[in-house]
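# I would like to see how this sequence folds:
(chains A, B and C)
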Amino acid sequence: MSKYAPLGGSLITRTTVIAGTLVAIMAGLVLYRFVFGLGAVTHMSNGYPWGLWIVYDVMIGTAFACGGYAMALVVYVFNKGEYHPLVRPALLASMFGYTLGGVSVIFDIGRYWNAWHLVTPGYANPTSVMLEVALCIMAYVLVMWIEFTPVFAEKWANAETKRKINKVLFVFIAVGVLLPTMHQSSLGGMMVAYGYWIHPLWQTDLVPLLYLISALAMGYSIVVFEATLVTSVYKRPSEGHLLASISTYILWLLVAYLVIRWADIAVQGKLGLVATSGRLSVMFLLENLLLGLPVLLLAGAARRAKAQIQFISAVCMLAGAGLYRIDGYLVAYNRPGWHYFPSLGEVMVTVGIIAFEVLAYIVFVKRLPVLHAAASPKDNQRAPHLAATTNK
Amino acid sequence: MNDDILNAIEKKLGVSRRSFLQLCAAMAATMGLPKGAEAAIAQAIASPQRPPVIWLHFQECTGCTETLLRAEHPTLDKLILDIISLDYHETLFAAAGHQIEAARKASMTANKGKYLLVVEGATPMKDGGIYCKIGGQTAHDLLVECAADAAAIVAIGSCAAWGGMPSTSPNPTGSTGVPVLIKDKPVVTIPGCPPNPYNFLSTVVHFLTFKKLPDLDDKGRPKFAYGRLVHENCERRAHFDAGRFAQEFGDEGHRKGYCLYKLGCKGPETYANCPSILFGDVGSGSWPVGTGHPCIGCTEQGVGFQKPIHALAEVKSVVPPASYPRIVEEQGEGMTFGSAAALAGIAGLAAGAGATIARNLGKGGRDDHSAGKE
Amino acid sequence: MGLSRRNFLKGAAAGGAVAACAATATAPADARENKALPPKAVGLLYDSTLCVGCKACVVACREANGTHPEFSADEKLWDSPLDISGYTLNVIKVYADGTADHKDQEKDGFAFVKKSCMHCVDPSCVSVCPVSAMQKDPETGIVRHDPSACIGCRYCVAACPFGVPRFSWDTPFPRIRKCELCSPRQAEGKIPACAEVCPTGATLFGPVAALRDEAGRRQGLAAGQVTTFARKTVGSSDVHEKAIPTYVPHIYGSTEMGGTQLLMLAGVPFEKLGYPPLRDRSYAAESETIQESLYKGMVGPVVLLGGLLYAVHKHTKNDHEED
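From the prediction side, this is the model:
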């Protein structure tokens, strides 16, 4: 029997109803956008041609979805089998994060009917960082669904099929580690071409490295975040010891990130800007505060073992790295005379996408063998009970 | 104004009271005076005390005097016989020679400090000013003599204003304008070749009415007449703004009345009210640009008679500014209440939920039941 | 439990092979140089001191490109675009300071300036476009946009250092628009519409080399010296005479971002006219240098993949047997 099992329980709960409503609002807004154009729903303009949708749904959304990548890296590359229970839920979240990031790009690009040009060699422009990002993300989405096939297979396929799938799966796992390494760095690399539009505190040639490191740290953070949440919400046994060692990775990745970031700024003689850039100084310091706090919190092994510390650190890390991306592409992107703040429509579409992600995650963990079944039978029985009580 | 005065005017000027009040209103309008000013003007003109005027002619073509002949309100005869007391004017006087010079001297003595001196033409200064003499006196001597006791001086025409056509390079006679030569008295300049008669008449009437000269610009020109560029009030301005130009004389654009800038129109660098008050009292279009010829900038020192007619004008002013975008325009849409509220709500919700979970974790209660958020 | 610090750092080093490449990206040895001006490059010379702000170029551009007027005032009487946009490919802007009395004077003066595509020698828009919709003509150097290829991602809009490509936001079927130097008109043997109609030759068309010479000639003459200025095309017989103004001693576009095919002269510092000082090295070159060092021949990714395949295969064997 599999180590994983569906959670079970009713799909109609208060949470799923709220999420469903938000998804419906998003659908309406997206329809409106396709009929009346991007300007009708968004505040994007010729001065801010990329808005919340690209920066949240793609830049941050996919980085949040790096859990699968981060866990695959430790489990399959560094052979830390003990983390196995965390791989599937992380992969599931990654799969949704990336898939929806990819889908939301279709809302965002103006001439979506030409989107197939991205995968048509005749149109390819090899110098474009964005092409690399687009191809990598599309390929990675595909790879993740393939990586996830054992889950479907366990539910619906026979043993023979499962065996065959498992035999070739290592190839996809390897590619599934390579692709995010490439595009998570390139998501930052796209910024280099922006040149002087981006404030010097964010504009550097090392931005691909910073994006890669922070994406990995976000991946581990989201694993901690989700595991804590699922444990807390579905009353499952604690995976605290695993999360503590994962928090160690977050700690060292953050140290690496902060050292590189500050050293780069210092070497380029831009330290003065940290204090003299007005509003941007505030954003920069807030960002570094959010990323520095987890370092302090996680520094001691004893503190690291506490679930509360793990959770707060993960949240700070996610917020800080998210802010780093928002700052880089929106706040520090400054064209004279131009203003941008996301419209309600943009916000609601992004909220709708997150809601869809939550909805799909709930459906999957309740119906498919995603979560580790190491728990006692009591837990499996309690889960439906909990679902029922929250179903009002 | 009472009937007696008006009756007196009727008798004196030989015009109906209706025509007379129309004249006064027209003067007030030319000078842009406020409502009610026409009454003051009527009073001033009707008064029996006519101001004495001495009119000198130097290096000129008499075009300025000629242009006065074309004035309709009032006509020249009314002006010189009834409104002012023209005591000396070489063109219009029947007398000549020593007789007229004697008349000038007599008037200057009798009206010391009260007469108005009008100068038409440039004053040659080269070689002791020998290039223009009247009654054996050089123009400069005459000017200095007459200016000494004048109440005010009006330099009519471009020649008197700054040297005008005679001063065109290489300026062989050293033609010079009045403002350069007379420094101790206010000098009004009415440049133009010829100047618009109403700009002169209105200045005189202003002096009569208010006993002082109208507001002047830095070149001594009355602001009511020279305050704006020809370009600003030009009837063809719309074509300039839309980029429609006559490319050459007689082409399609020229026939359609397009902007004459490319043919050398100096309207963009010339201050004058030509497009507003026109010439000759014959209705619309009766000014150079209206008839299809580019403005030559005759009222503007350094432009008229100086720059080639085909040379392109320098743009003097950026008006109207509203039709040009600034270098940096505020664009794009900022924060709205809805989006700010939504984001604040989400942030608050997330922070609240996060804090709740963290607190529950802090209790060490992974089995705690209260974390009801999915 | 978990990884030792040593192991973790070892792993991070291996996993960050690509990251390590990023660090070498800054090594000047394999830096991608700025591109060179195509041999038959054509462009425009815009002399702000000659411009009288008549906007004939804006009107002619609309006619030539079939764009409609845009209004920034409530009364929709006059074509009054605030800036170039998805419907406006060139615009004349005004700099005004204080009393704005004197043309081409920084203090208390005013100046006109044109905003349109600079036709960079090494354009960012071409470098960043994922689907090759932005192309630089190898002969004339004109940067053109092909809407049939474009996916509307607006990376070009965001990345252009001059903020030139613009998007139509108010339609479900939008497109990118920018000045293409009237390529269709040039194919008919005509010159760009803006240069054709300019009454003063403020916008002058011609080969970039000749335009550079002409700009140099103007700057070489003493202020106040009367000289001839050609209209329409550099070296044409349609000339007018005018005194040389006091120029800012720089030809904008001669070095900025590796040079542009639209050159500018002005009497007011370019920064005040919305043209900031820019370095010589193009951002396209910088961005591509990083990309090339990471992905040249896909060697880095392939080596990394090899290592990953080995490691994953080795470490998933147990899983297979378990199942």
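# the one helix or strand A:L210 maps to: what's the following helix or strand?
Assigned by DSSP states H and E, A:L210 belongs to helix A:207-234. Remark: after helix A:207-234, the chain's next helix or strand is helix A:240-267, criterion DSSP H and E.
# pull out the buried positions in the next helix or strand after that following helix.
Next helix or strand after helix A:240-267 toward the C-terminus (DSSP H and E): helix A:271-276. Under the neighbour-count criterion of 16 or more other CB atoms under 10 Å in any protein chain shown, helix A:271-276 has A:273-274 buried. (Each C-beta comes from the backbone N, C-alpha and C, glycine too.)
# please apply the same query to stretch B:271-285.
B:271-279.
# do a quick rundown of the strands in the stretch 151-300 of chain C.
C:166-167, C:176-177, C:203-207, C:226-230, C:239-243, C:262-265 (DSSP state E, counting those that start in this stretch).
# how about chain A?
Taking DSSP state E, the strands of chain A run over residues A:4-5, A:371-372.
# by contact count, what packs against the first one?
When contacts are defined as 3 or more CB pairs under 8 Å, 6 or more residues apart in numbering or on different chains; DSSP states H and E, strand A:4-5 packs onto strand A:371-372.
# what is the strand it packs on packed up against?
With contacts taken as 3+ CB pairs under 8 Å, 6+ apart, strand A:371-372 sits against strand A:4-5, helix A:84-108.
# now find how far off-centre that strand is within its chain.
With CA atoms, centre = their mean, to the nearest Å as the basis, strand A:371-372 stands 20 Å off its chain's centre.
# also stretch C:210-222?
Per CA atoms, centre = their mean, the centroid offset for stretch C:210-222 relative to its chain is 23 Å.
# format the helices and strands packed on strand A:371-372 as CSV; extra columns: mean neighbour count, distance to B:F305 and mean pLDDT.
Shown next, in CSV, are the helices and strands packed on strand A:371-372 (neighbours: other CB atoms under 10 Å in any protein chain shown; distance: least, CB to CB, whole Å; pLDDT from 0 to 100):
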stretch, mean neighbour count, distance to B:F305, mean pLDDT
strand A:4-5, 19, 99, 76
helix A:84-108, 22, 65, 86
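# which residues touch A:E226?
A:67, A:89-90, A:93 (CB atoms under 8 Å, 6 or more residues apart in numbering or on different chains).
# quick check: the farthest pair among those?
A:G67 and A:P89 (8.0 Å; CB to CB).
# shared neighbours of these two, which are they?
The contact lists of A:G67 and A:P89 share A:223, A:226, where a contact means CB under 8 Å, 6+ apart.
# near chain C, which residues of chain B?
B:240-245, B:259, B:261-262, B:268, B:308, B:310-318, B:321-329, B:331 (CB under 8 Å from any CB of the partner chain).
# buried ones only from those residues, please, as a ChimeraX command.
Buried residues within those, by 16+ other CB under 10 Å, are selected in ChimeraX with:
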select /B:240,241,242,243,244,245,259,261,262,268,311,312,313,314,315,316,317,318,323,324,325,327,329,331
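# so which of the residues of chain B next to chain C are in helices?
B:240-241 (DSSP state H).
# look at the residue in the stretch 101-250 of chain C that chain A sits nearest to and say how many residues are nearby.
Closest residue of the stretch 101-250 of chain C to chain A, CB to the nearest CB: C:G152 (2.5 Å). C:G152 has 24 neighbours, counted by other CB atoms under 10 Å in any protein chain shown.
# and if you look at the one 10 residues further on?
When counting by other CB under 10 Å, one arrives at 24 neighbours for C:F162.
# coming back round to it: so which of the residues of chain B next to chain C are also by chain A?
B:328-329, B:331.
# I'd like these as a markdown table, with pLDDT appended.
Formatted as a markdown table, those follow (pLDDT from 0 to 100):
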| residue | pLDDT |
| --- | --- |
| B:V328 | 88 |
| B:E329 | 88 |
| B:Q331 | 88 |
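# A:L135: which of those is nearest?
Set against A:L135, the nearest of these by CB to CB is B:Q331 (33.7 Å).
# surely that closest one and A:S45 touch.
Yes - counting by CB atoms under 8 Å, B:Q331 touches A:S45, with 6.4 Å between them.
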